[in-house]
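A.B. asks: show me how the following folds:
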Amino acid sequence: MFPCIVAEGNDEDAQSVACETSNATDTDQKRNIITGNLLFAMIEDTKHLPYDFEVQLRRAVLERKVEVASLRNNEGFSLLHFVLLKNRPQFVQPLFRTGCWKALHKLTVDIEKGGEHAGKTADDIVIEMRLRKLQKELDTYSVWEKSLNLIHCEARIGNFVGVKRWLEYSSDLHTELDCMSCSTLYWACIGGNIDIVKLLLSLKVDFRTINSRKESLLHAACMMGHHQLIEILVKECQVDFTLKDTAKKTPALRASENGDEKCLAKLVECGMPREQLGSILAIAGHYGRVSFLQSVVEKYHVDPQSKDDAGKSALHRASEQGRLEVLRYLFTKNLNFEEVAWCLSTTTEAGRTTEMKLKRN
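C.D. replies: Residues are numbered from 1 along each chain as shown. Reported below is the predicted structural model:
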């Protein structure tokens with residue numbers, strides 16, 4: 001704990017204020033250390049998925065106001081450096097969507113702790129290590145970040161006051177698209193502030209715009225877990241539940257890969273055809289979202305062996321990825337064991353490891 005600063009003259013009130021300030025600073029620093037350790041651990045441990053990382057990152061940066069540039073591990077790496085060194089390209093996007101890109105992109109590795117990477121930026125690291133996929137990710141998000149205007153940035157972090165200020169400053173700034181054809185309304189759906197969404201819709205903005213990744217407003221809301229936006233988007237924006245993005249995923253599939261039961265429930269409540277529920281089980285199995293899968297099967301009475309567009313069930317997808325908890329749950333259901341045998345005979349190395357564990361159990 002930091003020592004309390006005692007004011008001259010032994011003024012008790014001044015002492016009290018100084019001590020409270022010191023204790024608050026101490027608490028904030030401890031919280032930042034805990035937050036940083038959690039985020040670095042999620043990057044390192046491959047069982048953690050990008051969505052789960054992004055949820056924690058948004059809480060830290062947008063709710064607790066943690067300065068992301070100050071987060072370093074024991075080796076002097078920032079979050080972005082660590083993502084690159086652990087070769088986790090799917091963790092780059094959360095840093096961008098949370099508004100951390102400018103703070104992290106040009107940071108250098110700590111000179112005193114960074115070893116062979118000391119003093120290097122993210123770009124230096126990917127060039128040196130010849131990580132082409134990661135280099136492409138860095139280039140994409142660097143260009144994308146530069147194309148965002150001021151109101152896009154405020155909407156992205158859900159800052160209603162900031163959005164309103166820029167609307168008062170400019171009558172058409174909110175109509176501009178970024179380099180990926182994302183609108184201010186799209187970024188408002190990423191940010192999750194329903195008041196911003198309502199404000200923009202009241203200005204009669206074009207809600208039909210689909211970005212370069214073929215993501216609709218409903219995709220954005222479901223990707224980020226903003227279930228509170230779904231009802232107003234369905235009501236006001238004529239959404240298409242069946243629309244697929246460039247990864248061939250509908251909004252419901254995006255909710256499924258995140259294991260987001262609240263988003264799925266709201267989609268169903270707002271009119272999504274229940275016929276779509278069967279295809280989402282496979283992706284839940286792929287990502288190991290066992291509680292989500294259980295909820296869909298038992299709440300909506302969906303056949304646990306329903307297949308996706310590629311003809312694979314949750315059982316097959318879970319076997320391929322070695323998702324033991326999913327398989328344990330599925331084996332409590334009345335499965336077609338010819339398919340079970342086929343799945344286990346055609347799985348990847350991860351699946352074969354899972355098969356051995358199942359036999360041991």
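A.B. asks: which secondary structure element of the protein has the lowest mean pLDDT?
C.D. replies: For the chain, counting by mean pLDDT, DSSP states H and E, helix 349-360 ranks last in confidence among helices and strands (a mean of 53).
A.B. asks: need the contact list for residue 175.
C.D. replies: Applying CB atoms under 8 Å, 6 or more residues apart in numbering, we find residue 175 in contact with 183, 184, 205, 206. From N, CA and C alone the C-beta is placed, and that goes for glycine too.
A.B. asks: could you identify which of the residues you listed has the most neighbours?
C.D. replies: Ranked by neighbour count under the definition other CB atoms under 10 Å, the contacts of residue 175 are headed by residue 184 with 27 neighbours.
A.B. asks: who touches that residue in this structure?
C.D. replies: Under the criterion of CB under 8 Å, 6+ apart, the contact list for residue 184 reads 151, 152, 155, 163, 173, 174, 175, 176, 200, 205.
A.B. asks: go again using 10 Å as the cut-off
C.D. replies: By CB atoms under 10 Å, 6 or more residues apart in numbering, the residues touching residue 184 are 148-149, 151-152, 154-156, 163, 166-167, 173-178, 196, 200, 203, 205.
A.B. asks: repeat for residue 325
C.D. replies: In this structure, residue 325 makes contact with 288, 289, 290, 291, 293, 318, judged by CB under 10 Å, 6+ apart.
A.B. asks: wait, isn't the third one in contact with residue 261?
C.D. replies: In other words, residue 290. No. In this structure, residue 290 is not within contact of residue 261 by CB atoms under 10 Å, at 11.8 Å.
A.B. asks: so between the two, which is more surrounded?
C.D. replies: Ranked by neighbour count (other CB under 10 Å), residue 290 and residue 261 place residue 290 first, with 21 against 18.
A.B. asks: check the gap between that one and residue 325 for me.
C.D. replies: Spatial separation of residue 290 from residue 325 under the definition CB to CB, to the nearest Å is 5 Å.
A.B. asks: now for these two: what residues contact both?
C.D. replies: Taking CB under 10 Å, 6+ apart as the contact rule, the neighbours common to residue 290 and residue 325 are residue 318.
A.B. asks: considering the contacts of residue 175, which is situated nearest to residue 300?
C.D. replies: residue 183 (32.9 Å; CB to CB).
A.B. asks: so where is the stretch 201-350 of the chain shaky, pLDDT-wise?
C.D. replies: Low-confidence regions of the stretch 201-350 of the chain, defined here as pLDDT under 70, cover residues 336-350.
A.B. asks: going along the chain, name the strands of it.
C.D. replies: Assignment of strands within the stretch 201-350 of the chain using DSSP state E, counting those that start in this stretch yields no ranges at all.
A.B. asks: check contacts around the closest residue to residue 303 other than its chain neighbours.
C.D. replies: The shortest distance from residue 303 to any residue that is not its chain neighbour, by CB to CB, 6 or more residues apart in numbering, is 6.5 Å, and that residue is residue 278. Residue 278 makes contacts with 296, 300, 302, 303, 304, 305, 306, 307, 308, 313, 314, as judged by CB under 10 Å, 6+ apart.
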